[in-house]
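Have a look at this prediction, sequence included:
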Amino acid sequence: MRQLSALLILALMFSLAATPALSMGDGMKTIYFAGGCFWGVEHMMELVPGVKDAVSGYANGTLDNPDYGQVVSGTTGHRETVKVTYDPGLVTLEELTELFFSAIDPTVKDRQGNDVGSQYQTGIYYDDEADGGIIRTLADAEKKRHSAFVVEIEPLENFWEAEEYHQDYLIKNPGGYCHLTRQDFDRAMVTGRVESPKVAVYRRITPQDAKAAIDTGENPVIVDVREPFEFMQGHIPGAINLPLGELSASAADVLPDKGALIYLYCRSGNRSASGAYELIQMGYHNLYDLGGIIDWPYEVVK
């Protein structure tokens with residue numbers, strides 16, 4: 001039992017460390033929108049396909065880590081702002097900015113809807129100068145559509161997350177106040193593109209390609225599907241032992257991330273192929289059959 005527990009812990013460590021699926025810091029970009037009360041802006045942005053996260057907070061003020069009471073006093077200079085983390089392969093900065101412009105009144109200062117105060121000043125704040133150039137170009141075009149244009153376009157100076165009760169406010173309070181409209185939310189849902197579903201297919205990988213991938217920084221979960229006595233006689237460094245007969249029953253606990261990069265191997269290749277097909281049927285979509293350890297010409301450990 002102690003050996004099994006240790007193996008489960010090790011498996012979880014490897015699976016958490018070896019997730020090649022897109023994460024918040026991997027290929028993601030951020031932009032900051034102030035559009036009046038942040039409850040509605042956050043909700044609108046979260047409806048956009050390609051937006052991975054939207055967080056309400058306070059931007060570009062003079063006080064570190066302010067609370068809501070300090071911000072609404074109007075003395076700190078903070079704007080109620082939403083930090084938007086998005087996948088540029090699914091939705092562009094231009095699309096997000098145009099959606100934002102379509103949902104605000106850019107002609108009024110320190111006000112949106114029924115909300116009045118400097119914290120409700122509209123603005124777009126960027127942390128990448130190239131993004132700033134794109135936004136300024138779009139803002140110049142937007143100005144031509146209005147008699148006045150007072151939206152701030154500035155580099156991000158600071159951003160502090162708002163209190164937890166502000167996050168996902170309209171989900172927690174479906175009848176809560178919002179100055180945005182149903183039409184704004186409907187436009188959000190057709191902005192950008194839906195991510196294509198991952199397809200689980202059987203794939204082989206050679207020992208040479210597997211070793212090269214590991215040497216260049218890949219960190220796969222390596223699964224040995226042989227019996228424990230075979231595993232103890234010699235296995236690939238870092239491999240976990242999950243016998244074929246236990247694979248389906250234990251995969252959900254030992255391999256919780258179905259997008260993790262996984263290499264399966266056995267002695268000669270038959271069991272690893274069977275195991276690969278079992279996991280594919282369960283939805284694992286970044287899995288490779290490494291074949292048999294008799295073909296692994298590199299280091300093994302006992």
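Received, thanks.

all contacts plus neighbour counts: C-alpha atoms, from now on.
Will do.

measure residue 81 to residue 72 for me?
The gap separating residue 81 from residue 72 is 13 Å, by Cα to Cα, to the nearest Å.

for residue 240, same thing?
54 Å.

that older thread, if you count surrounding residues, which of residue 81 and residue 72 has more?
Between residue 81 and residue 72, residue 81 has the larger neighbour count (other Cα atoms under 10 Å), namely 34 against 18.

Shouldn't the more buried one be within a strand?
Yes. Residue 81 forms part of a strand when assessed by DSSP: H, G, I helix; E, B strand; the rest coil.

which stretches of the stretch 1-150 of the chain have low pLDDT?
Counting by pLDDT under 70, the stretch 1-150 of the chain has low-confidence residues at 1-26.

Tell me where it has helices.
Applying DSSP state H, counting those that start in this stretch to the stretch 1-150 of the chain gives helices spanning 2-17, 38-46, 68-72, 93-103, 129-143.

and residue 175, how many residues sit next to it?
For residue 175, the count of nearby residues is 9 (other Cα under 10 Å).

should've said residue 239
Close neighbours of residue 239, defined as other Cα under 10 Å, add up to 23.

residues touching it, list them.
Listed by Cα atoms under 8 Å, 6 or more residues apart in numbering, the contact partners of residue 239 are 221, 222, 223, 224.

Secondary structure element for the second one, which one?
Element membership of residue 222 [criterion: DSSP states H and E] is strand 221-224.

Off-centre distance for that strand?
25 Å (Cα atoms, centre = their mean, to the nearest Å).

Next: stretch 198-215.
24 Å.

Over to it now: how far is its first residue from its last?
This stretch, stretch 198-215, spans 26 Å end to end (Cα to Cα).

Please tell me how far residue 32 sits from residue 203.
41 Å.

More neighbours: which of these two?
Applying other Cα under 10 Å to residue 32 and residue 203 shows that residue 32 carries more neighbours, namely 24 against 15.

thinking that one is in contact with residue 125, fair?
Yes. Using Cα atoms under 8 Å, residue 32 makes contact with residue 125 at a distance of 5.0 Å.

any common contacting residues for those two?
residue 156.

which one of the contacts of residue 239 has the most neighbours?
Going by other Cα under 10 Å, residue 224 tops the contacts of residue 239 with 29 neighbours.

Once you drop chain neighbours, what's closest to it?
residue 241 (4.8 Å; Cα to Cα, 6 or more residues apart in numbering).

can you pull the contacts of that neighbour?
Residue 241 makes contacts with 7, 223, 224, 225, 226, 227, 228, 231, as judged by Cα under 8 Å, 6+ apart.

now do 7 Å
Applying Cα atoms under 7 Å, 6 or more residues apart in numbering to residue 241 gives the contacts 223, 224, 225, 228, 231.

just residue 85 next, same as before
Per Cα under 7 Å, 6+ apart, neighbours of residue 85: 28, 29, 30, 31, 51, 52, 53, 54.

Mind listing the residues bridging to the fifth one?
Beta-bridge partners recorded for residue 51 (DSSP bridges): residue 86.

same check, this time on the second one
Listed by DSSP bridges, the beta-bridge partners for residue 29 are residue 86.

Would you agree it is in contact with residue 86?
Yes. Under the criterion of Cα atoms under 7 Å, residue 29 makes contact with residue 86 at 5.5 Å.

which of those two has more neighbours?
More crowded of residue 29 and residue 86, by other Cα under 10 Å: residue 86, with 26 against 19.

got a list of what the more buried one touches?
With Cα under 7 Å, 6+ apart, residue 86 has these contacts: 28, 29, 30, 50, 51, 52, 53.

May I ask which of the residues you listed has the most neighbours?
Going by other Cα under 10 Å, residue 51 tops those with 25 neighbours.

Of the contacts of residue 85, just say which sits nearest to residue 160.
residue 54 (13.2 Å; Cα to Cα).

Test my guess that the closest one contacts residue 42.
Yes. Counting by Cα under 7 Å, residue 42 is a contact partner of residue 54 at 5.6 Å.
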